[in-house]
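1. show me how the following folds:
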Amino acid sequence: MGTVNSPVLIKKGAEANLYLANWHGRRVVMKKRLPKMYRPPKLDVQIRRFRTIHEPQLMHEAKKAGVPTPMIFLVDVKNTTIIMEYINGKQVKQLLNAISWTERHHLCFKIGLLIAKLHECGLIHGDLTTSNMIVDLGGRVFFVDFGLGDRSGEVEARGVDLHLMKRALESTHYEFAETCFKSVLAGYEGVLGAVAAKSVLDKIREIERRGRYVAERKQEESSA
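-> Okay, here's the model as predicted:
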């Protein structure tokens with residue numbers, strides 16, 4: 001793998017830790033999947049190694065579909081570690097509150113286009129939040145963290161993906177979540193067309209109804 005110099009922890013996740021480091025003269029991000037004590041050891045190793053291989057594959061396919069992702073420099077399956085390009089920029093989460101309405105619309109429209117490109121080629125990101133999107137110094141939007149990603153062309157999977165995006169906007173950017181999500185959907189429709197976009201929007205509404213039903217049932221059971 002080579003020597004990774006001066007690693008600094010930048011994110012401690014449920015599945016993996018991210019480190020900013022120097023590697024062969026490059027500034028890189030090192031993603032290391034950590035053992036889970038609640039899983040049987042052999043199963044744990046299998047899961048971590050599978051995801052270490054699977055994630056870069058999805059990122060490569062996303063890049064081929066026209067969605068910017070960090071360049072992968074090294075996949076160390078044995079140590080369940082990925083070394084990838086460091087994207088110099090800001091998370092969309094940091095930007096949305098600081099830019100004008102017009103800039104916000106254009107950014108969210110662009111995000112919708114990119115999500116549609118993923119879905120069009122059968123990719124599901126699995127964790128579409130504004131923390132997992134980085135705008136670089138040239139204005140390109142990079143999608144990162146495909147650790148929960150998958151391949152699927154099902155409307156259900158697409159709906160879940162976009163529903164998570166909607167929930168992320170509502171929880172983090174509630175003041176303009178509705179207008180932002182409308183812009184995302186407009187960009188999405190621009191790639192996949194009105195019919196496909198409507199089917200996904202209908203699925204999102206169905207998912208929301210399911211969520212309300214489950215919440216109501218839990219409330220009824222707790223008060224019984």
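2. low-confidence ranges in this structure?
-> Scanning the chain for pLDDT under 70 picks out the ranges 1-2, 211-224.
3. domains for it, by residue range?
-> Domain assignment for the chain, taken from automatic domain parsing, gives 4-85, 89-219.
4. what's the most buried one of those domains?
-> Per-residue neighbour counts averaged over each of the domains of the chain give the maximum for domain 89-219, namely a mean of 17 (mean count of other CB atoms under 10 Å). Using the backbone N, CA and C atoms, a C-beta is placed for each residue, glycine as well.
5. how far does that one sit from its chain's centre?
-> For domain 89-219, the distance from its own C-alpha centre to the chain's C-alpha centre is 9 Å (CA atoms, centre = their mean, to the nearest Å).
6. contacts for stretch 37-53, please.
-> When contacts are defined by CB atoms under 8 Å, 6 or more residues apart in numbering, stretch 37-53 is touched by residues 15, 33-36, 75-78, 80-82, 147.
7. and the two most separated of those?
-> Spatial extent of the contacts of stretch 37-53 (CB to CB) is set by the pair 36 and 75 at 20.1 Å.
8. right, and residue 31 touches residue 15 too?
-> No: here residue 31 lies out of contact with residue 15, judged by CB atoms under 8 Å, at a distance of 9.3 Å.
9. which neighbours do these two share?
-> Taking CB under 8 Å, 6+ apart as the contact criterion, the residues that touch both residue 31 and residue 15 are residue 147.
10. what sits against the residue nearest to residue 133 when sequence neighbours are not counted?
-> What sits nearest to residue 133 in space, not counting adjacent residues and going by CB to CB, 6 or more residues apart in numbering, is residue 92, at 4.2 Å. Residue 92 makes contact with 107, 111, 130-131, 133-135, 141 under the criterion CB under 8 Å, 6+ apart.
11. and the residues you listed, which of them are in helices?
-> 107, 111 (DSSP state H).
12. make TSV from the contacts of residue 92 and add distance to residue 66 to it.
-> Formatted as TSV, the entries for the contacts of residue 92 read as follows, by distance: CB to CB, whole Å:
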residue	distance to residue 66
107	17
111	13
130	20
131	22
133	15
134	17
135	16
141	11
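13. wait, what's in contact with residue 112?
-> Shown in contact with residue 112 (CB under 8 Å, 6+ apart): 183-191.
14. just the strands in this structure please.
-> With DSSP state E applied, the chain shows strands at 4-12, 16-23, 26-33, 72-76, 81-85, 89-91, 123-124, 133-136, 141-143, 150-151, listed in chain order.
15. in JSON lines: those, plus distance to residue 62.
-> Formatted as JSON lines, the strands of the chain follow (distance: least, CB to CB, whole Å):
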{"stretch": "strand 4-12", "distance to residue 62": "20"}
{"stretch": "strand 16-23", "distance to residue 62": "18"}
{"stretch": "strand 26-33", "distance to residue 62": "16"}
{"stretch": "strand 72-76", "distance to residue 62": "11"}
{"stretch": "strand 81-85", "distance to residue 62": "13"}
{"stretch": "strand 89-91", "distance to residue 62": "17"}
{"stretch": "strand 123-124", "distance to residue 62": "6"}
{"stretch": "strand 133-136", "distance to residue 62": "12"}
{"stretch": "strand 141-143", "distance to residue 62": "6"}
{"stretch": "strand 150-151", "distance to residue 62": "11"}
